[in-house]
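J.: The sequence and its predicted three-dimensional model are supplied below.
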Amino acid sequence: MNQTILTRLAAITEEEQAILRGEPLRRSNYGEGEILTVSGQRLLPTSRMITLRPHTRFVAFPVFIKYL
């Protein structure tokens with residue numbers, strides 16, 4: 001794989017740095033509601049048609065189940 005891409009994806013993000021300091025996962029970065037509804041607008045800037053975002057490491061993502 002291209003070394004430039006590997007370097008970019010291996011960098012520790014601000015969100016990951018906060019998690020490593022012991023701060024909780026900020027669910028508001030992904031969406032809203034008690035049962036998390038993921039917001040595409042929060043993950044994909046309106047000026048772009050596609051973006052690459054590495055999965056946040058160092059934290060277990062909670063499971064949110066909504067029964068209809």
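T.: It's in. What you are looking at is a predicted structure, and each value in this text was computed from that prediction instead of being measured.
J.: Show me where this structure has its strands.
T.: In chain order, the chain shows strands spanning 31-32, 37-38, with DSSP state E as the criterion.
J.: Go ahead and measure how far the first one is from the middle of the chain.
T.: Think strand 31-32. Computed by CA atoms, centre = their mean, to the nearest Å, the chain-centroid distance of strand 31-32 equals 12 Å.
J.: Give me the sheet partners of it and which way each runs.
T.: Based on DSSP bridges, the pairing partners of strand 31-32 within the sheet are strand 37-38 (antiparallel).
J.: Quick one: the helices in the protein, in order.
T.: Across the chain, reading from the start of the chain, the helices by DSSP state H fall at 3-10, 14-20, 40-43.
J.: Show me the residue at the heart of the protein, geometrically.
T.: residue 56 (5.1 Å; CA atoms, centre = their mean).
J.: among the strands of the chain, which is the most enclosed?
T.: strand 31-32 (a mean of 14; mean count of other CB atoms under 10 Å). (C-beta placed from N, C-alpha, C; glycine too.)
J.: Looking at the residue nearest to the centre of the chain now. What's its pLDDT?
T.: In the predicted model, residue 56 carries a pLDDT score of 82.
J.: doesn't residue 19 make contact with it?
T.: Yes: distance between residue 56 and residue 19: 7.2 Å, which falls inside the contact criterion (CB atoms under 8 Å).
J.: Next, count neighbours for residue 59.
T.: Residues lying near residue 59 (other CB atoms under 10 Å) number 14.
J.: any idea how far residue 50 is from it?
T.: In this view, residue 59 and residue 50 are 25 Å apart by CB to CB, to the nearest Å.
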